[in-house]
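Peer 1: structure for this input, please:
(2 chains)
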Protein chains: 2
Amino acid sequence: MSENEFPQSPNIDTDAPVERRRRTGGRGADRSRKGAGSSKYLHLVNTIAKSTVLTEEALEAIHEASLTILEEIGMDVILPEARQRMKAAGADVTAGTDRVRFDRGLIMDMISSVPSGFTMHARNPIRNVQIGGNNLVFAQIASAPFVADREGGRRAGNQEDYRKLVKLAQSYDIIHTTGGYPVEPIDIHASVRHLDCLSDMVKLTDKVFHCYSLGQQRNIDALEIARIGRGITAEQMEREPSLFTIINTSSPLRLDGPMLQGIIEMSSRNQVVVVTPFTLAGAMAPVTIAGAVVQQNAEALAGIAFTQMVRRGAPVMYGGFTSNVDMKTGAPAFGTPEYMKAVIAGGQLARRYGIPYRTSNTNASNTLDAQAAYESALSLWALTQGGGNFIMHSAGWSEGGLTASFEKFILDVDMLQMVAEFLTPLDVSEDALGLDAVRDVGPGGHYFGTAHTLSRYETAFYSPILSDWRNFETWTEAGRPTTYDHANRVFKEKLNEYEKPPLDPAVEEELDAFVARRKAEGGVPTDF
Amino acid sequence: MSENEFPQSPNIDTDAPVERRRRTGGRGADRSRKGAGSSKYLHLVNTIAKSTVLTEEALEAIHEASLTILEEIGMDVILPEARQRMKAAGADVTAGTDRVRFDRGLIMDMISSVPSGFTMHARNPIRNVQIGGNNLVFAQIASAPFVADREGGRRAGNQEDYRKLVKLAQSYDIIHTTGGYPVEPIDIHASVRHLDCLSDMVKLTDKVFHCYSLGQQRNIDALEIARIGRGITAEQMEREPSLFTIINTSSPLRLDGPMLQGIIEMSSRNQVVVVTPFTLAGAMAPVTIAGAVVQQNAEALAGIAFTQMVRRGAPVMYGGFTSNVDMKTGAPAFGTPEYMKAVIAGGQLARRYGIPYRTSNTNASNTLDAQAAYESALSLWALTQGGGNFIMHSAGWSEGGLTASFEKFILDVDMLQMVAEFLTPLDVSEDALGLDAVRDVGPGGHYFGTAHTLSRYETAFYSPILSDWRNFETWTEAGRPTTYDHANRVFKEKLNEYEKPPLDPAVEEELDAFVARRKAEGGVPTDF
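Peer 2: Now for the predicted structure:
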């Protein structure tokens, strides 16, 4: 009477050419989806009109300012081979220094050969992901030094937690790829860590994975592990990008040796490079969001241009990671209004260049509280409305990326699924409009038991993993569990239900032999 | 190196004709903003391009289906006077029943005189709010039967908590109006409750307030209290809408007597009516979101048309409150993907008719946990992108509206301010682009101490009320406070800082005399 106001549907991949064929011996397709009931999340398409925070004029002003930076100031390029390749492509290399300047024509020429979309191939073809256009791909958290769950507290990364987090990534279709090591397992020696970790990626998941660009040999080993996992030749892999690497610039305006080497190794073999400046406004970039985005754009364009100097047409993404700092402490802040604007501005720039856009699901909370949720939700708002294509750190990121949280992983999976459901087109068929149901019920009735309701009620709405919709009394009898409590229970249940995806025994044997040989050779040199 | 990715500006009211003139004796303007530092939140304009979930064809299909409902099925109208007015306007009233049918031409003719925007006048003119267009107005929670804070737990509504919540609404400029009783103070007898509560609204705040349509006399008393509070004549008040009421239909397809009476009392005096069907898909409306929105639209149009039958040009808003139920328990769910779509669809319909759009900031959590935050954040996402003009329950709504939470109020204020900051146009001036700062710092430097940073760092970014960005160690030393802990501290601090807004003694005297007289007369009859 007065305002006492208490009291579906698969995301169709219209853009994505889903490949249904299976590779020989691959029986994993259906079994890997067992129990999830969520194969509808395998390919997401975001057809919502993209939001903007920049007018056309402002977009061009940022574009021009970033080209001016590259032309006039340039970048420090800390690898002789890279400088030589840049010089050969027409860049202005100052002899005896690391400084390289790029004129606008050179940058725009190089950018012109970047593909607007491509497929990343997994060892299980139903896990292939489409990058670019309206496709939306979620990657798990990467690179946290710490890991946490409620019982075990916050601890240094280790192999056991690494494996658990990788298993969780496999357990939900909404997590389309892993994103690197969800946590850094420092109990494995650095010389062989990549061998064990990437071998686990092949065995514990059937999804696309990532390789760190931390020296040429690591890239080469990762390429071989990805090839073995897919059971294909090097030639086929060169036609079918199957591995990706994140290339962070050292902001401001520097590209370090291992990053440049990573571009050379990956782009030359037609594998995927994601160039991501990390431009915190007020720290490594100007304190204004517009200024930080200008610098982000300059650095991203330089890295992307270099991929095309290495190999015209090599697949690459435009990464944006601009946020602000807490001006009281200098600590990085995430999921802020400023972050939202930077994410949307980055999407406008990436679309201007026709390059797939990578961004992130971020937050800076130290625990799984309301802050963790609102900062992540604001990130998801911006990256969805801003047209993100490839979303790093989609699930598990806590404490500004310092900690991989098991509970946060589940919270994020739930929120990602809600985003997917939101993006599902509304059914406006005549039957959905429900005029006959309204006729049947009429004024003053209710719809609980009608045929229109009964035929739909099981699938009508998204059923969240965590939301507790019990009334206050029932919830109190249950001990007043919070989202944190539910997430803690769910991640353990999910780990218990985990099933290894099928792997051809011949592939597993080849993989084990390769890892054993490379370990016997001592892995990679470490001087740190 | 690798992906170890850790590590302003007022919202200008371009649309809103802010009235800076002061009423006689009104010294409150500046003092009421004292300490807030947030006068930039007084008038918000949402210029972001509105999102859509309906194609033009789908929008028309919903429009036509709702008109078919009104024409063919009609509404039950539980007030003889209302049926007579409808008949006089051309509706088809079935003699001896409550049923009224409206042909499409009649509805569209009535809708045509609804103003697309108007001002709601507060006793302090700087608190006037602009309704419609791109203006965005946040109203506090209304009508919760329970109230909660951490120490006191969940308890029945009472006058003391009512007053505290009203004081909090006064304390933040981002809360533009109150929205009704934030909690129902059941310790005040129902016959005089509206007199005490509305008198408090005038004395404890200087913002626009709401009157419940629960019988003619309550409306008449509220109108008089609003008039006295503004110190104006009835004639001036009739020119300047100063009071609003929420009219909920009794879904499906019924308008109850007190609601109809409320429309008659308010619209005939040119005061603001907000017609809001509460159409839970699968309960009081079809289980499909499209069907529930069809029914919402039919009911809203009927109520809005009636306001125009009472007085052509009377100010009215289109209210949408469609959500889904938890199909396992039948409990209402809020802040869901389905809610998001319904909010955006409602915005498309309201804009189609050129009528200001009211929607809500909702969630169904029983406590201040991650769920409370993500459901509210998803609501804010939808209502911002969907073009909501007047947002009920913006702050404090908990437990699906059953409880007004002090801590949730603060959390919501913080999130509303973040929305306002997000909507602030990005500064893309040459100075903001920061080329000179990039030149100064160059490759490999940092921006912490530069002039560009130092001149801006205090105001560069939004400084959240609750977000805890301390590092893990410092946060641990502080006892690991959660958002809930911070919100609990802040609401008490804010209440301690509360200052009553200045009120002309003559106005206060007149108000007290009116309330005393009406109480002596016995208030209003209660038969419940």
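Peer 1: quick one: name the residues of the stretch 101-250 of chain A near chain B.
Peer 2: In this structure, the stretch 101-250 of chain A approaches chain B at residues A:142-143, A:145, A:154, A:180, A:212-214, A:246, A:248, A:250, judged by CB under 8 Å from any CB of the partner chain. For glycine as for every other residue, the C-beta is placed from the backbone atoms N, C-alpha and C.
Peer 1: and the residues you listed as CSV, adding secondary structure and pLDDT?
Peer 2: As requested, those are exported to CSV (DSSP: H, G, I helix; E, B strand; the rest coil; pLDDT from 0 to 100):
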residue, secondary structure, pLDDT
A:Ala142, coil, 98
A:Ser143, coil, 98
A:Pro145, coil, 98
A:Arg154, strand, 98
A:Gly180, coil, 97
A:Tyr212, coil, 98
A:Ser213, coil, 97
A:Leu214, coil, 95
A:Ile246, strand, 98
A:Asn248, strand, 97
A:Ser250, coil, 96
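Peer 1: filter these to the buried ones?
Peer 2: Taking 16 or more other CB atoms under 10 Å in any protein chain shown as the criterion, what is buried in those is A:142-143, A:154, A:180, A:212-214, A:246, A:248, A:250.
Peer 1: redo the residues you listed as a markdown table? Include distance to B:His194.
Peer 2: As requested, these are exported to a markdown table (distance: CB to CB, whole Å):
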| residue | distance to B:His194 |
| --- | --- |
| A:Ala142 | 58 |
| A:Ser143 | 59 |
| A:Arg154 | 53 |
| A:Gly180 | 61 |
| A:Tyr212 | 67 |
| A:Ser213 | 69 |
| A:Leu214 | 70 |
| A:Ile246 | 61 |
| A:Asn248 | 62 |
| A:Ser250 | 65 |
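Peer 1: ok, those vs A:Thr205, which is closest?
Peer 2: Comparing those against A:Thr205 with CB to CB picks out A:Gly180 as the nearest, at 12.9 Å.
Peer 1: ok, the closest one touching A:Ser143?
Peer 2: Yes. Taking CB atoms under 8 Å as the definition, A:Gly180 is a contact partner of A:Ser143 at 5.2 Å.
Peer 1: which stretches of the stretch 101-250 of chain A form strands?
Peer 2: In the stretch 101-250 of chain A, the strands defined using DSSP state E, counting those that start in this stretch lie at A:117-120, A:129-132, A:135-138, A:146-149, A:153-156, A:209-210, A:243-248.
Peer 1: what's near enough to touch the closest residue to A:Phe461 other than its chain neighbours?
Peer 2: The shortest distance from A:Phe461 to any residue other than its chain neighbours is 4.5 Å, reached at B:Asn324 (CB to CB, 6 or more residues apart in numbering or on different chains). By CB atoms under 8 Å, 6 or more residues apart in numbering or on different chains, the contact set of B:Asn324 is A:460-461, B:280-282, B:289, B:332-333, B:336, B:338-339.
Peer 1: what about the lengthiest helix in chain A, near chain B?
Peer 2: Across chain A, the longest stretch assigned as helix under DSSP state H is helix A:289-310. Yes. If you take CB under 8 Å from any CB as the test, helix A:289-310 does meet chain B, through A:289-292, A:294-295.
Peer 1: following that helix, which helix or strand comes up?
Peer 2: Elements were assigned by DSSP states H and E; along the chain past helix A:289-310, the next helix or strand is strand A:316-319.
Peer 1: work out the gap between that next one and the centre of the chain.
Peer 2: Remark: strand A:316-319 is offset 12 Å from the chain centroid, using CA atoms, centre = their mean, to the nearest Å.
Peer 1: list the buried residues of it.
Peer 2: Of the residues in strand A:316-319, those buried by neighbour count under the rule 16+ other CB under 10 Å are A:316-319.
Peer 1: now stretch A:255-271
Peer 2: By neighbour count, and taking 16+ other CB under 10 Å as the criterion, the buried residues in stretch A:255-271 are A:255-267, A:269-271.
Peer 1: now do that stretch, average pLDDT.
Peer 2: Rounded to a whole number, the mean pLDDT of stretch A:255-271 is 98.
Peer 1: what's the answer for stretch A:473-489, then?
Peer 2: With pLDDT averaged residue by residue, stretch A:473-489 scores 98.
Peer 1: quick check on whatever residue of the stretch 351-500 of chain A ends up closest to chain B: phi, psi?
Peer 2: Each residue of the stretch 351-500 of chain A has a distance to chain B, by CB to the nearest CB, and the smallest belongs to A:Gly434, at 2.8 Å. Dihedral angles phi and psi of A:Gly434 (degrees, to the nearest 10) take the values phi 70, psi 20.
Peer 1: what's the neighbour count on it?
Peer 2: Residues within reach of A:Gly434, counting by other CB atoms under 10 Å in any protein chain shown, total 31.
Peer 1: over to A:Leu195?
Peer 2: The local packing count at A:Leu195 equals 23, with neighbours defined by other CB under 10 Å.
Peer 1: quick check: closest non-adjacent residue to it.
Peer 2: Spatial nearest neighbour of A:Leu195, chain neighbours left out: A:Val515 (4.8 Å); criterion: CB to CB, 6+ apart.
Peer 1: contacting residues around that neighbour?
Peer 2: A:195-196, A:199, A:225.
Peer 1: that one belongs to a helix?
Peer 2: Yes. Counting by DSSP: H, G, I helix; E, B strand; the rest coil, A:Val515 is found in a helix.
Peer 1: per-residue confidence at it?
Peer 2: A:Val515 is assigned 98 on the pLDDT scale.
Peer 1: give me the distance between it and chain B.
Peer 2: Using CB to the nearest CB, to the nearest Å, one gets 21 Å for the distance from A:Val515 to chain B.
Peer 1: same question for A:Val77.
Peer 2: Distance, A:Val77 to chain B, by CB to the nearest CB: 9 Å.
Peer 1: same question, A:Val166
Peer 2: Separation of A:Val166 from chain B (CB to the nearest CB) stands at 16 Å.
Peer 1: check contacts around the residue lying closest to that residue once chain neighbours are set aside.
Peer 2: Leaving aside its sequence neighbours, A:Val166 sits nearest to A:Leu204 (CB to CB, 6+ apart; 4.9 Å). For A:Leu204, the contacting residues are A:163, A:166-167, A:170, A:500-501, taking CB under 8 Å, 6+ apart as the criterion.
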